[in-house]
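S.K.: sequence unavailable; structure follows:
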């Protein structure tokens, strides 16, 4: 017999996404978001949900573009900072001493220091309720060579992405390997 | 200078979601999905993307309901199995010796042995490309008492959810605490 906890957003794990946007005056911004995920393989797409009240919301609507950066665990303070303050009040790139890079494919910035970045062009906007979901086509992925494995793809143990625990609003690292997908279930 | 990897679905981490459905004849099924995430706080909603070719697709379209189960790391073989085989060919509950529980709020089943389950009512269907995104309103969360902390919410270190590494199609556990959200970035 299971216990009922009521209607709650208790998915686990959720990602820590640094959503990069330009505002009307081209001020760059990063905002931390945990509501979202990959939503299509072809075209490759990612969904990110934001409240209309956020500074980033109008930026995405106007520019029809955003980036999604994945910070390493040693950047957890940067990631958390981007969720604590609004781009209305502060230039978060300046405050955190991050270098602004303009995506060469979409009208949005990212931070040079963040090791993995998805460059996204807005494809769909879905009004759900408190949050609006933006579906972006991932037109390119930019990474630091230092987080790649020999096959040229990101190595999760070099990237060390942050895991967000929604229930207790806390950050975790990635733990030990549990095996290969499409393999361990065959046994 | 970052390296370009092309247009790829390289978000990290992604969840391991066991999507529970009934088919036309009420046969229960579980299917593993990594494409999705929370997409709204109020109403609480989760998005899950499936290909039309999957057995689960027609089930969600017909029943307008699904569950999302989160397995613990010691259930990684079960989670992987649900992504290896189709409900067309096998009753996966029987094959994995799982007990079927009908959600009391939506027309979809879940496995008693899976410690965290979101019961979802279909709200939106978005055709994106290879995948169709189903947005479900989370009408209840069911959990085992064993994975709860004293405040009555899931404890990530008791639940031990599985992290999926898209780049190398591998499973990982949750690692060490990196600090409290809305806190570590203040320093």
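M.R.: Sure, I can see it. Since we're looking at a predicted model, the values are computed, not measured.
S.K.: ignoring the adjacent residues along the chain, who's closest to residue A:2?
M.R.: Sequence neighbours aside, residue B:142 is the residue nearest to residue A:2 in space, at 3.9 Å (criterion: Cβ to Cβ, 6 or more residues apart in numbering or on different chains). Yep, even glycine has a C-beta here, placed from its N, CA and C like the rest.
S.K.: residues near the residue nearest to residue A:116 when sequence neighbours are not counted, how many?
M.R.: Nearest non-adjacent residue to residue A:116, counting by Cβ to Cβ, 6+ apart: residue A:70, 4.2 Å away. Here the count is done by other Cβ atoms under 10 Å in any protein chain shown, and residue A:70 has 27 residues near it.
S.K.: report how many residues lie close to residue A:83.
M.R.: By other Cβ under 10 Å, 18 other residues sit near residue A:83.
S.K.: that one is in what secondary structure piece?
M.R.: According to DSSP states H and E, residue A:83 maps onto helix A:76-84.
S.K.: list the helices and strands that helix packs on?
M.R.: Judged by 3 or more Cβ pairs under 8 Å, 6 or more residues apart in numbering or on different chains; DSSP states H and E, helix A:76-84 is in contact with strand A:28-33, helix A:92-95, strand A:170-180, strand B:170-180.
S.K.: which of those is buried the deepest?
M.R.: Among these, ranked by average contacts under mean count of other Cβ atoms under 10 Å in any protein chain shown, first place goes to strand A:28-33 (a mean of 24).
S.K.: that strand pairs with which strands, and in what direction?
M.R.: strand A:17-22 (antiparallel) (DSSP bridges).
S.K.: and the partner strand, how far from the chain's centre?
M.R.: 7 Å (Cα atoms, centre = their mean, to the nearest Å).
S.K.: can you point out the buried residues in that strand?
M.R.: For strand A:17-22, the neighbour count (16 or more other Cβ atoms under 10 Å in any protein chain shown) marks A:17-22 as buried.
S.K.: please apply the same query to stretch A:6-13.
M.R.: Under 16+ other Cβ under 10 Å, the buried positions of stretch A:6-13 are A:7-13.
S.K.: just list the residues touching the one residue sitting closest to the centre of chain A, thanks.
M.R.: Central residue check for chain A by Cα atoms, centre = their mean: the C-alpha nearest the mean position is that of residue A:17, 1.9 Å away. The contact partners of residue A:17, by Cβ atoms under 8 Å, 6 or more residues apart in numbering or on different chains, come to A:32-34, A:36, A:48, A:68-70, B:11.
S.K.: who's it bridged to?
M.R.: Applying DSSP bridges to residue A:17 gives these bridge partners: residue A:33, residue A:70.
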